[in-house]
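Q: Sharing a model prediction with you, sequence too.
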Amino acid sequence: MLIMSFFGWWYGRGWKHAFDSLGLRLRGTAELFSVKQLLQTWFEPWRRIVSVPGSSFEDKLRAWGDNMVSRGVGFVIRTFILFAALVSTIAVGSLTVAEIIVWPLVPIATPIMIVGGLLG
Amino acid sequence: MSIAINVRSSRAQQAKLGRVIGKPGFRLLVAANVAGAIAAVLLAYIHKFHLAASVMGFSLLFYMPAVWWKRQLWPLPADGQELENRLSGAILFRLKAESLSSPQAMWDSLHAHWQVQFMLHHLLLSSDTVRSCLSTDQVKLEEALKITQQIADTNQVQKIELGVLAAGLMLSSPQLGQVLVQMKAQPEDVISLANLLARTLSDEEKERANYGGIGRDWAFGFTPLLNKFGQNVSAAIMQQGVHFDWLAQSSSVKALETAFDNGTSAVALIGPDGIGKTSNVFALAQRLLEGHTSQALAYHQIIAINATHIISTAHNPGDLEDIMLSLAAEASHAGHVLLFFDDAQLFFNDAAGAFDATQILFTIIQARALPIILAMSPSDLQRLRSKNPALAGMLTPIVLQEPTETEVMRVLEDAALTLEHRHKILIAYSALRETYRLSGRYEQDEAYPGKAIKLLEQAVGHLQNGVLTPESVQQAIEQTRGVKAGSAAPAEADKLLHLEDEIHQRMINQSQAVKVVANALRRARAGVTNPRRPIGSFLFLGPTGVGKTELAKAIAATYFGAESNMIRLDMSEYQQPDDVQRLLATGEKESSSLLLAVRQQPFAVVLFDEIEKAHPNILNLFLQLLDEGQLTDLSGRQASFKDCVIIATSNAGANTIRERVAAGQSLESFSDEFTDELINSGQFKPELINRFDDMVLFRPLTPEELSQVVRLMLAEVNQTLKTQNISVDLTDGAIAEIVSRGNDPRLGARPMRRALQKAVEDTVAKRILSGQANPGDTVTLDTADLD
């Protein structure tokens, strides 16, 4: 009876759980890397460090330069994290999709792999 | 819906298998699976592909049960509306075929589980007590299961945990209901505990809240000054994992979000102390971290400004302005910062420990550079409106409502769990109910839930064998408020039973008055009076100097512990219409205020002398006081008179009493007629007289009684002379002489003290100074010795 329960669950609620987990995992990865926030602030100065321009042209030029550096630093660091987030999302997504595809095959493949492997 | 349970069903078998495997078994399965997978990869690497496939197959053999256990066998989610499909794995694992024969048999299978033990401990019950109350009849089991299902449905709980089933079993027994009442608990406590358990288990199952991760803080600038003068509430929640789940869903927190969404830049969070203004802001911070919020506040962190730190750092007003403006500028520049000014009144008060920063706040809020929340009480908002109407006008007020009893109890339950963990103690559930009741009755200066939490914390100092019981809470309130909340101890009960004798030790005759008052005090102490009205309210009528005030003092001394536990108002000072304002003053500016005195001394005699002289508007206030046991001061705060004895005295009709008693009539014989006369003559309104518990007539004292009064006064003189080790005695003739000198039918015993003073004290003083009376002497005075 327990064996029937197991197969009932594996091809029913268990498989559905694998489907449901795809969205959860992708969302979790995006939140882990604060993707939405990083995209919104991609070109903003790093930690909002900005120079207040003075009245002279030279001061304004220097402040503009400083602020461009701050934005550049922010852009580089955020791009790096966004790239890491992209890689992680692809990895997590691929693994989960693979799990969904392989899921129904596992109970069938297991005895085949054991017996087939031993028989050589 | 069926309530049958099949202990051999597929679900029951899954529950048993899940518990047999357990967490250690699961870890073994995972370890074997991982080891197998690694081995397979290694074998494939060395080109042993067939063996690798076989090992991977074995690895999957461990993978499948591990996944099944993790997602199904262990949590065993509810599966439908049938009772059997809603029972938790912990229940199904323990049930056997014989468990279904009766409630008692089922209890035997379940009672050892920690959830049941948790409930028993908090109800102060033993498992054997419950077992002995449970039926051995199978029909009763069906009833118990129906109750279980009802509890789960009422509380919208899909999966039935062991605590809920235990509650169903307990509530199926009427005998246990009686036991609970004897233990000062209520049957509803059983359900509340089951729900508390279900909530705790649900919280444990929840995954740790995700507050965002890498890159989240990069949107904010650095805030060194804000870090110095404030607390980052959002960071504190992230680090400490503080949960305000229930509050985060409340209408007040949503109102905060809506206000900012609608474009306001500053909100005044209004509520009395203890209502949870700070908690609401913490709950908002949690919602912001979780991302469940409006566009206006998205990604904002909340920083609470510490006013005390600012004041202690700034040494002159210029410094204050600099710091405040710098803080606002830094917050604005850092971006995504919401400033929270807790105890905002400190920023616009002139009182000690505060400073007036209204103009700076006005400038900051007017700039609309960042969202701001100011927390304050309603009276503080009123003060701000009169001090700086422009600033007050820029604030969007959100008034917090006091939570319901259910909500307060839920907060108390959570607080109790924290206190139990912190102090390693047990808090009986009945103690929580007592905390709610007593804090509501005696803590007038704070709102729920703060005042209840404070009382619960105070009660931790009054544990009984490591357990916090209702008596602990009563002792705590008795100590902090000076009231009698618990039941009378044997010695006190004996004193109450002989209260008349006690009062007569300092009061001559007036037996009827003493009896009426003593009966009222006994009723109040035994808890058989209406708790929403004063302990007792009496109108004392009679000539001057017959003992009306003395009886009030005697009550203060004997029942309330000391003569000083009396609040006395001379109503001849309240004859003008404006005097109502003086009577209801808050006491903050006035030197004397009735309501302040009652708040400071809630357990006392309140004596209104010569009530007939008070203005009619004040007499109208008495109707409310006597009916509801409370008055509201000019700021809207209530003061409770529910633990006071209210005594009003009057000389109205004194001549009638004197004449009728002189004519030989007893007080009882003309009492009703006398009341009619008072009403018909317009001296008292019938609605006022009717609101007193009793109208007590005092009769003039006879010469014999006046002699006894002299003896009582002499005892007081001797008490004073005790320090000099001298005592005075009076012969009968001397006493008669003093009575004769002091007796004035219009003034009763009042001139007696003056007569005694003149005759005895002066004589004794001369003897002491002339050396005729020395320490150890007893000075006996006869008629001829009196000055």
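A: Received it, and whenever you're ready, just let me know what you need. Numbers count the residues shown, from 1 in each chain, chains lettered A, B, ... in the order given.
Q: can you tell me which residues contact the closest residue to chain A within chain B?
A: Nearest residue of chain B to chain A (Cβ to the nearest Cβ) works out as B:Ser54 at 2.7 Å. Heads up, the C-betas are built off the backbone N, CA and C, glycines and all. By Cβ atoms under 8 Å, 6 or more residues apart in numbering or on different chains, the contact list for B:Ser54 reads A:Met113, A:Ile114, A:Gly116, A:Gly117, A:Leu118.
Q: Check the burial of the closest residue to B:Gln295 other than its chain neighbours by counting its neighbours.
A: In this structure, B:Gln295 finds its nearest non-sequential neighbour in B:Asp261, 6.9 Å apart by Cβ to Cβ, 6 or more residues apart in numbering or on different chains. B:Asp261: 13 surrounding residues under other Cβ atoms under 10 Å in any protein chain shown.
Q: sorry, back to before: in space, what's closest to the residue of chain B closest to chain A - neighbours in sequence excluded?
A: Using Cβ to Cβ, 6+ apart, the closest residue to B:Ser54 is A:Gly117 (2.7 Å).
Q: what's the single longest helix in chain A?
A: helix A:57-102 (DSSP state H).
Q: Which residue lies nearest the spatial centre of chain A?
A: A:Thr89 (2.9 Å; Cα atoms, centre = their mean).
Q: quick revisit: so the residue nearest to B:Ser54 makes contact with B:Ser59?
A: No: using Cβ atoms under 8 Å, A:Gly117 is not in contact with B:Ser59, being 11.4 Å away.
Q: that's a helix at B:Ile768, yeah?
A: Yes: counting by DSSP: H, G, I helix; E, B strand; the rest coil, B:Ile768 is found in a helix.
Q: show me the contacts for it.
A: B:Gln724, B:Ile726.
Q: how much space between B:Leu176 and B:Gln575?
A: From B:Leu176 across to B:Gln575, the span is 61 Å (Cβ to Cβ, to the nearest Å).
Q: circling back to that earlier point, could you pull up the residues touching the residue nearest to the centre of chain A?
A: Contacts of A:Thr89 (Cβ under 8 Å, 6+ apart): A:Leu26, A:Thr29, A:Ala30.
Q: So which bits of the helix or strand hosting the last one are buried?
A: The one in question is A:Ala30. Assessed by DSSP states H and E, A:Ala30 sits inside helix A:13-32. Neighbour-count burial for helix A:13-32 flags A:Gly14, A:Ala18, A:Ser21, A:Leu22, A:Arg25, A:Thr29, A:Ala30, A:Glu31, A:Leu32 (criterion: 16 or more other Cβ atoms under 10 Å in any protein chain shown).
Q: Keep only those residues that also lie close to chain B.
A: When Cβ under 8 Å from any Cβ of the partner chain is applied, the members of the buried residues of helix A:13-32 adjacent to chain B are A:Gly14, A:Glu31, A:Leu32.
Q: wait, which of those residues is closest to B:Asp762?
A: Ranked by distance to B:Asp762 (Cβ to Cβ), those are led by A:Glu31 at 92.4 Å.
Q: How much space separates that closest one from B:Phe244?
A: 20 Å.
Q: Secondary structure class of the residue of chain A found nearest chain B, three-state.
A: Chain B sits closest to A:Gly117 of chain A, with a gap of 2.7 Å, by Cβ to the nearest Cβ. Following three-state DSSP, A:Gly117 is assigned to helix.
Q: Neighbours of it, how many?
A: 21.
Q: residues contacting it?
A: A:Gly117 neighbours (Cβ under 8 Å, 6+ apart): B:His50, B:Leu51, B:Ala52, B:Ala53, B:Ser54, B:Val55, B:Met56, B:Gly57.
Q: now do B:Glu502
A: Contacts of B:Glu502 (Cβ under 8 Å, 6+ apart): B:Lys495, B:Thr558.
Q: Which helix or strand contains it?
A: Judged by DSSP H and E, B:Glu502 forms part of helix B:499-504.
Q: just checking, next helix/strand downstream of that helix?
A: Toward the C-terminus from helix B:499-504 - assigned by DSSP H and E - lies helix B:511-525.
Q: Only the buried residues of that following helix, if you could.
A: B:Gln512, B:Ala513, B:Val514, B:Val516, B:Val517, B:Ala518, B:Ala520, B:Leu521, B:Arg522, B:Ala524, B:Arg525.
Q: which one is the second one nearest to, not counting chain neighbours?
A: In other words, B:Ala513. Using Cβ to Cβ, 6+ apart, the nearest residue to B:Ala513 is B:Val696, at 4.4 Å.
Q: which residues touch that neighbour?
A: So B:Val696 contacts B:Gln512, B:Ala513, B:Val516, B:Val517, B:Phe538, B:Leu539, B:Phe540, B:Leu541 (Cβ under 8 Å, 6+ apart).
Q: At which residues are the helices of the stretch 551-700 of chain B located?
A: B:579-583, B:594-600, B:616-628, B:654-662, B:667-680, B:686-691 (DSSP state H, counting those that start in this stretch).
Q: and of those helices, who's closest to A:Glu58?
A: Per Cβ to Cβ, nearest to A:Glu58 of those: helix B:594-600, 67.9 Å.
Q: which secondary structure elements does that closest one contact?
A: Helix B:594-600 makes packing contacts with strand B:566-570, strand B:638-640 when contacts are defined by 3 or more Cβ pairs under 8 Å, 6 or more residues apart in numbering or on different chains; DSSP states H and E.
Q: helices or strands next to the lowest-mean-pLDDT helix or strand in chain A in the packing?
A: Counting by mean pLDDT, DSSP states H and E, chain A has its least confident helix or strand at helix A:35-40, which shows a mean of 87. Using 3+ Cβ pairs under 8 Å, 6+ apart, the elements in contact with helix A:35-40 are helix A:57-102.
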